[in-house]
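A.B. asks: With the sequence up front, the predicted model follows.
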Amino acid sequence: QEQLVESGGGLVQAGDSLTLSCAASERTFNAYGLGWFRRAPGKAREFVAAMRWRGTYTYYADSVRGRFTISRDNANNTLYLQMNNLKPEDTAVYYCAAASRVRSVLESDSYDYWGQGTQVTVSS
């Protein structure tokens, strides 16, 4: 059974850093694409960052580029999202996801497996 489990969310102040983790099964971890999405209260889920082909290519939303970094630990089948200089508008539930088929990793519809989400709250 494919499984993704996020952790690392919490309450921080603007300007702080936070690292999210996503533990995956080996098969899921080696999927074509791995990504992070978020959903803020009252808003649609949006793309944050993604990688494909085991990290050969990485992608970021304009709103987080330069502040967030997606990475992977192959030894522990874990995906990370390092978030620096957090802003109140980064407040959301963050989800990791895996895409088994070759599709755009920027689109949530491309992903087959999703974690349960972890809450990130940034106070001003």
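C.D. replies: Cool, the structure landed. It should be emphasised that the depicted structure is a prediction, and the values quoted were computed from it without experimental measurement.
A.B. asks: can we go C-alpha only for contacts and neighbour counts from here?
C.D. replies: Will do.
A.B. asks: Need phi/psi at residue 109.
C.D. replies: Note on residue 109: backbone dihedrals following degrees, to the nearest 10 are phi -70, psi -20.
A.B. asks: since we're on it, how many residues are nearby?
C.D. replies: Residue crowding around residue 109 was assessed by other Cα atoms under 10 Å; the count is 10.
A.B. asks: ditto for the one 5 residues further on
C.D. replies: The tally of other residues near residue 114 (other Cα under 10 Å) stands at 20.
A.B. asks: hey, what's it bridged with?
C.D. replies: Judged by DSSP bridges, the bridge partners of residue 114 are residue 97.
A.B. asks: didn't it look like it was pressed against residue 98?
C.D. replies: Yes: at 6.7 Å, residue 114 counts as touching residue 98 under the criterion of Cα atoms under 8 Å.
A.B. asks: Could you check how far the residue positioned nearest the centre of the chain is from residue 76?
C.D. replies: Of all residues in the chain, the one closest to the mean position by Cα atoms, centre = their mean is residue 36, 2.2 Å from it. Taking Cα to Cα, to the nearest Å as the measure, residue 36 falls 18 Å from residue 76.
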